[in-house]
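Undergrad: attaching a predicted model along with its sequence, questions to come.
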Amino acid sequence: MLEAVGLRSARQGRQLFKDLDFALRGGELLRVAGENGSGKTTLLKILAGLLAPDAGEVRWRGTPIRGLREEYSRELVYLGHAPAVKGDLTAAENLGIACTIAGADAQAQHVEGALASYGVPGDVPLRRLSQGQRRRAALARLLLAAAAPLWLLDEPFAALDAAATRLTEELIAGHVARGNAVVYTTHQEAGIGAAVQRVVALG
Amino acid sequence: MIAAARCILRRDLLLALRRRGDVATALLFFVIVASLFPLGVGAEPNLLRAVAPGVIWVSALLSSMLSLPRLFADDHADGTLEQMLLGAAPLGVIVAAKLLAHWLVAGLPLVAIAPLLALQYDLPPPLFGTLALSLLLGTPVLSLIGAIGAALTLGLRGGGVLLALLVLPLYVPVLIMGAGSVEMAGAGLGGQAQLMLLGAMLIVAAAFAPWAIAAALRISSE
């Protein structure tokens, strides 16, 4: 499904990685490992099409993503380092808006259900909640994104407690088991039970 | 696509409603700047009548500058912009919805309050309509042009100053036409020609600026 060919990237004159090749089929999980500053986020942004690599290309089902644009972005869910939520809006409003921007139809009861699974109160402005709860509110989108064949998750376990980490791991494992592809970054060894796991180590 | 645009419009209006202070700042700035001039130049009615269109227009222009840097900065900082770039709707459409929300919150109140400020300058009441109409056509152009600058300077240090340097020269034609229309109407020549030119600027800007802004946002977010 997702193929990276000869990727090279440098930020601020420092080379992060070069000649990076990998291919990910449906039902496979890719973990991007590496220490801080090794280019994990950059790689994920390149895979999402937010950044252009200095060399090489990313292909989605055989076609370079540069030419696909919205056709490609409709197929993926990207959760970046910043949670992309507004402190002045409630969790339910944030989630509904995030789904609508992504082109998914967000029904109120599904939004409520997703937030309830993550244990986030839906009707309180997010700025009154803790950092971890904001993170949970952002991750609740995964529960409504089962239809997207590719998930790109940047540090999904940051600031999460044990219960929320376990739930996220289960969601990722379930998505992979349904024949979809997931790419995620983390520093920790995560215990995700997927049949095919690959690791790209940067730095 | 329509759903995404409506959603962004609703979201930005909701955010403005929950942060009324930010909205009030630009409006209060407009009122205060326009009210300081009569105090500074003295209460000579002929002088005030002569400077009124220019002063009110310059105040509106500066006030519209004031709210520009925040247009995309929040969405950039919290990652929402990335989601918009990856959204299902074309970025230009989302930008257009954001700008409409921005103008409703930051531009329309200026149009509504301008005739009240004109009272301080003893502007003849028949000109109030021309003044409001010129602002109604001109302030959206200011938002559209300014947003290109805001998108280009997004995430830069000292971007605010750069934004002013970049955008203010481009505001000049709008200022000349806007203030000119009121002066012409005051001289009994009718301001229609200037208003029509303002309308033409608005149509051109509304058609092309969202796509220019979308391209600028893609560059800035790399």
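TA: On my side now, so go ahead.
Undergrad: which helix runs longest in chain A?
TA: With secondary structure taken from DSSP state H, chain A has its longest helix at helix A:162-177.
Undergrad: can you tell me which residues in chain B are near chain A?
TA: Taking Cβ under 8 Å from any Cβ of the partner chain as the contact definition, chain B meets chain A at B:3-4, B:7-8, B:11, B:14-15, B:18-19, B:74, B:77-80, B:82-90, B:94, B:221-222. (Each C-beta comes from the backbone N, C-alpha and C, glycine too.)
Undergrad: rewinding a little: return the distance of the longest helix of chain A from the chain's centre.
TA: Chain-centre distance of helix A:162-177: 13 Å, with Cα atoms, centre = their mean, to the nearest Å.
Undergrad: same check, this time on stretch A:144-156
TA: Distance, stretch centre to chain centre, for stretch A:144-156: 5 Å (Cα atoms, centre = their mean).
Undergrad: can you list contacts of that stretch?
TA: Residues outside stretch A:144-156 that contact it (Cβ atoms under 8 Å, 6 or more residues apart in numbering or on different chains) are A:1-2, A:26, A:40-41, A:44, A:47-48, A:60, A:75-81, A:95, A:99, A:102, A:104, A:106, A:110-111, A:114, A:139, A:142, A:168, A:172, A:175, A:178, A:180-186.
Undergrad: which parts of chain B are helices?
TA: Going by DSSP H, chain B shows helices at B:2-18, B:20-41, B:45-66, B:70-77, B:80-85, B:91-106, B:108-120, B:128-152, B:159-186, B:192-220.
Undergrad: same question, chain A
TA: A:40-48, A:65-68, A:70-73, A:91-101, A:108-117, A:131-139, A:162-177.
Undergrad: now do the fifth one and helix A:91-101, the angle between them.
TA: Spelled out, it's helix A:108-117. Using axes from the mean of the first three to the mean of the last three Cα atoms, to 10 degrees, the inter-axis angle of helix A:108-117 relative to helix A:91-101 is 120 degrees.
Undergrad: try the last one
TA: With the same axes, to 10 degrees as the criterion, the two stretches helix A:162-177 and helix A:91-101 enclose an angle of 20 degrees.
Undergrad: now helix A:162-177: buried residues?
TA: Neighbour-count burial for helix A:162-177 flags A:A164, A:T165, A:L167, A:T168, A:E169, A:L171, A:I172, A:A173, A:H175, A:V176 (criterion: 16 or more other Cβ atoms under 10 Å in any protein chain shown).
Undergrad: if we can go back for a sec, any chance of the helices of chain A in TSV, with distance to B:V51 and mean pLDDT too?
TA: Shown next, in TSV, are these (distance: least, Cβ to Cβ, whole Å; pLDDT from 0 to 100):
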stretch	distance to B:V51	mean pLDDT
helix A:40-48	52	90
helix A:65-68	54	84
helix A:70-73	50	84
helix A:91-101	45	89
helix A:108-117	54	87
helix A:131-139	50	89
helix A:162-177	62	89
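Undergrad: contacting residues for B:P90?
TA: A:E70, B:M1, B:A214.
Undergrad: can you get me a residue count around A:V182?
TA: 25 (other Cβ atoms under 10 Å in any protein chain shown).
Undergrad: okay, it: pLDDT?
TA: For A:V182, the pLDDT comes out at 91.
Undergrad: in contact with the closest residue to chain A within chain B, which residues?
TA: The nearest approach of chain B to chain A comes at B:A88, 2.5 Å away (Cβ to the nearest Cβ). By Cβ under 8 Å, 6+ apart, B:A88 lies in contact with A:E70, A:S73, A:R74, A:I101, A:A102, A:G103, B:M1, B:A4.
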